[in-house]
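*Asks:* Fold the following.
(one chain, ligands or ions: 1)
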Amino acid sequence: MNQESEKQSMSKLRVRFAPSPTGYLHVGGARTALFNWLYARHSGGTFILRIEDTDTERSTHESVDAILQGMAWLGLECDEGPFYQSDNFPLYKQHVQMLLEQGKAYRCWCSQEELEAKRNVALAEGRKPKYDGTCRNCQEQSLDRPHVIRFKAPEVGETAFEDLIKGRISFPNAELDDLIIQRTDGTPTYNFCVVIDDALMRISHVIRGDDHVNNTPRQIQLYDAMGYPVPVFAHVPMILGSDKTRLSKRHGATSVMAYRDMGYLPEALNNYLVRLGWSHGDDEIFSVEEMITKFDIANVGRSPSVFNPDKLNWLNAHYIKHADPLRLAELLKPHLEKRGVVSTVVPALATVVATLQERAQTLEEMADRALFYYQSPVLYDQAALKKFEKAHLASVYESVVLALKDVKPACAADVDGLFKQLCKTNGWKMPQVGQPVRIALSGGTQAPGIGDIVMTLGIDETIARIERIREHIAKM
Ligand code: GLU
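*Replies:* Have a look, this model is predicted:
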């Protein structure tokens with residue numbers, strides 16, 4: 001293929017994410033969306049969002065909103081849609097009619113009880129239960145008696161496809177029964193709607209979870225019967241929890257938005273999700289641009305991946321460390337508000353953020369560590385305080401205050417220089433002065449560098465905090 005025609009055929013690549021709106025956006029769903037989105041972006045194709053809301057009892061508007069919100073947060077914008085299956089009922093009806101007229105579908109009057117009884121017999125005889133075709137050639141046409149409509153599936157041969165991830169998969173047709181395509185109440189069934197939508201949306205590649213592998217042969221038979229081209233399939237292996245069972249709430253949060261609330265950055269979650277099943281050499285860190293350039297569905301592995309929260313934390317820490325402090329400050333605000341710190345101004349908060357970026361794994365953790373800046377008076381960690389309630393420290397604190405007033409440091413390096421000088425003059429070791437000052441300023445011993453704290457608090461507040469603890473000790 002020459003380059004131009006290759007480009008043209010790639011640009012026809014059309015993929016979709018087709019969530020059922022029955023809950024929040026699950027991390028597994030988000031990964032499916034991400035793989036589709038990346039494949040489209042990589043190939044100059046089109047990414048379509050289709051909400052599969054034909055199950056009117058389980059689908060909710062709240063869930064649609066939650067899914068859209070999750071995708072927006074991850075930055076997985078669609079090129080077409082969202083389309084709603086529930087808008088397509090007339091279309092599905094037309095297709096049922098067409099199949100009936102062509103003799104490719106038939107009405108079935110078998111009652112639930114009859115089917116149940118036959119099923120039990122089959123099970124008792126050790127056979128796989130399957131509709132026995134009673135109504136396939138039935139002459140009865142009493143349309144007012146309750147009935148379903150079934151697809152007349154091929155009875156011999158096999159239905160096979162070449163899965164981009166799993167390789168060739170085939171099913172003997174004898175094992176697939178005549179699928180119900182329209183229920184007694186006139187509503188179309190899931191596999192039928194999916195095929196019509198994918199066909200009419202001209203979806204070229206169906207990338208979805210491998211829990212759908214068993215639906216694929218039925219769907220292929222329907223494509224064939226309706227004369228639509230069959231798309232290429234790629235079934236992505238499941239995500240498992242640490243105990244190797246399918247990832248669920250038992251393993252921790254599974255909702256994408258819960259990760260936002262726990263203080264994860266969207267780029268960290270995307271980076272984490274892309275590596276669940278896909279790899280590119282030994283690389284672990286991928287910017288979105290790199291993911292787009294490097295992603296190929298052919299490099300998705302065949303085995304399931306295990307969700308590893310430690311790795312996600314590691315990636316999140318990486319992205320926090322390298323993020324723009326102003327942006328992080330915006331993102332940190334709600335986490336601080338949750339802790340009662342409400343009057344933060346972003347530019348000032350960015351200075352606070354910059355002192356904490358190096359060590360925080362999540363924004364929640366960062367918010368906890370930022371609290372001391374906003375406490376007035378600062379809350380002491382009582383165990384740490386005990387260690388520093390020593391009479392001789394009163395004079396150490398006094399020397400620090402005098403030096404600060406004298407030197408008026410203008411940057412963190414000035415502060416560090418000041419402390420070095422104090423140590424030299426008084427024959428102290430750095431921790432002998434550093435730790436007491438750290439608890440005076442932050443209430444604990446785990447805090448950013450003193451220079452950073454002093455510059456962030458300002459000299460006046462720094463002095464006030466040291467004076468407070470000095471007076472406390474002096475009174476003892
Ligand atoms: N609506 C299906 C689901 O949420 C996806 C169907 C498909 O991708 O073909 O699992």
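*Asks:* For the residue of the stretch 101-250 of the chain found nearest the ligand, give me phi and psi.
*Replies:* The nearest approach of the stretch 101-250 of the chain to the ligand comes at residue 208, 3.6 Å away (C-beta to the nearest ligand atom). All C-beta atoms are positioned from the backbone trio N, CA, C, and that covers glycine. Main-chain torsions, residue 208, degrees, to the nearest 10: phi -150, psi 170.
*Asks:* Wait, it touches residue 18, no?
*Replies:* Yes. Using C-beta atoms under 8 Å, residue 208 is in contact with residue 18, at 7.4 Å.
*Asks:* Of these two, which one has the most company?
*Replies:* Using other C-beta atoms under 10 Å, the more surrounded residue of residue 208 and residue 18 is residue 18, with 25 against 22.
*Asks:* Look up how far the ligand lies from the more buried one.
*Replies:* From residue 18 across to the ligand, the span is 4 Å (C-beta to the nearest ligand atom, to the nearest Å).
*Asks:* okay, that residue: pLDDT?
*Replies:* pLDDT for residue 18: 98.
*Asks:* try the one 4 residues further on
*Replies:* Confidence at residue 22, expressed as pLDDT, is 95.
*Asks:* In space, what's closest to it - neighbours in sequence excluded?
*Replies:* In this structure, residue 22 finds its nearest non-sequential neighbour in residue 58, 4.4 Å apart by C-beta to C-beta, 6 or more residues apart in numbering.
*Asks:* Contacts only, for residue 175.
*Replies:* 128, 130 (C-beta atoms under 8 Å, 6 or more residues apart in numbering).
*Asks:* picking that back up, so what's the residue of the stretch 101-250 of the chain closest to the ligand bridging to?
*Replies:* Under the criterion DSSP bridges, residue 208 forms beta bridges with residue 235.
*Asks:* pLDDT of stretch 437-444, averaged?
*Replies:* Stretch 437-444 carries an average pLDDT of 96.
*Asks:* Is stretch 188-203 positioned near the ligand?
*Replies:* Yes. Contact of stretch 188-203 with the ligand (C-beta under 6 Å from any ligand atom) involves residue 194.
*Asks:* Please list the residues outside that stretch that contact it.
*Replies:* Contacts to stretch 188-203, defined as C-beta under 8 Å, 6+ apart, come from residues 12, 14-16, 18, 48, 50, 52, 54-55, 80, 83, 85, 88-89, 91-93, 95-96, 151, 179-183, 206, 215, 218-219, 222-223, 226, 228-229, 231.
*Asks:* Buried ones among these?
*Replies:* Buried by 16 or more other C-beta atoms under 10 Å: 14-16, 18, 48, 50, 52, 54, 83, 85, 88, 92, 95-96, 151, 179-182, 206, 218-219, 222-223, 226, 228, 231, out of the contacts of stretch 188-203.
*Asks:* Which of those residues fall within strands?
*Replies:* Among those, the members falling in strands (DSSP state E) are 14, 15, 16, 48, 50, 83, 151, 180, 181, 182, 206.
*Asks:* OK, contacts around the second one?
*Replies:* Looking back up the chat, that one is residue 15. Counting by C-beta under 8 Å, 6+ apart, residue 15 touches 36, 39, 40, 45, 46, 47, 48, 203, 204, 205, 206, 207.
*Asks:* Just the buried subset of those, written out for ChimeraX, thanks.
*Replies:* Remark: buried members of the contacts of residue 15, expressed as a ChimeraX selection using 16+ other C-beta under 10 Å:
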select :36,39,40,45,46,47,48,203,204,205,206,207
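*Asks:* quick one: the residue nearest to residue 22 and residue 52 touch, right?
*Replies:* No. The pair residue 58 and residue 52 does not pass the contact test of C-beta under 8 Å, sitting 10.6 Å apart.
*Asks:* Give me the nearest residue to residue 130, chain neighbours excluded.
*Replies:* Nearest to residue 130 is residue 177, by C-beta to C-beta, 6+ apart, at 4.5 Å.
*Asks:* Sorry, slip of the keys, the one I care about is residue 377.
*Replies:* Of all residues not flanking residue 377 in the chain, residue 468 sits nearest, at 6.2 Å (C-beta to C-beta, 6+ apart).
*Asks:* Kindly report the same for residue 413.
*Replies:* Leaving aside its chain neighbours, residue 413 sits nearest to residue 451 (6.6 Å; criterion: C-beta to C-beta, 6+ apart).
*Asks:* does the one you found sit in a helix, a strand or a coil?
*Replies:* The local conformation at residue 451, judged by DSSP: H, G, I helix; E, B strand; the rest coil, is helix.
*Asks:* hang on, it packs against residue 412?
*Replies:* Yes. Proximity of residue 451 to residue 412 meets the contact threshold set by C-beta under 8 Å, at 3.0 Å.
*Asks:* Residue 140 falls within a strand, correct?
*Replies:* No. According to three-state DSSP, residue 140 belongs to no strand; its state is coil.
*Asks:* ok, it to residue 286 distance?
*Replies:* In this view, residue 140 and residue 286 are 61 Å apart by C-beta to C-beta, to the nearest Å.
*Asks:* Show me which of the two is the more surrounded one.
*Replies:* Using other C-beta under 10 Å as the criterion, residue 140 and residue 286 rank with residue 286 on top: 21 against 10.
*Asks:* For stretch 112-124, which outside residues touch it?
*Replies:* Under the criterion C-beta under 8 Å, 6+ apart, residues 128, 129, 130, 131, 132, 134 lie in contact with stretch 112-124.
*Asks:* Now rank these by neighbours and give me the top one.
*Replies:* Among the contacts of stretch 112-124, residue 131 has the most neighbours (other C-beta under 10 Å), with 19 neighbours.
*Asks:* So that residue sits against residue 176, correct?
*Replies:* No. Look at residue 131 against residue 176 with C-beta under 8 Å: they stay out of range, at 10.0 Å.
*Asks:* related to what we said a few turns ago, for the helix or strand containing the residue nearest to residue 377, which helices and strands make contact with it?
*Replies:* For residue 468, the host element (DSSP states H and E) is helix 459-474. If contacts are counted by 3 or more C-beta pairs under 8 Å, 6 or more residues apart in numbering; DSSP states H and E, helix 459-474 sits against helix 393-407, helix 430-442, helix 450-457.
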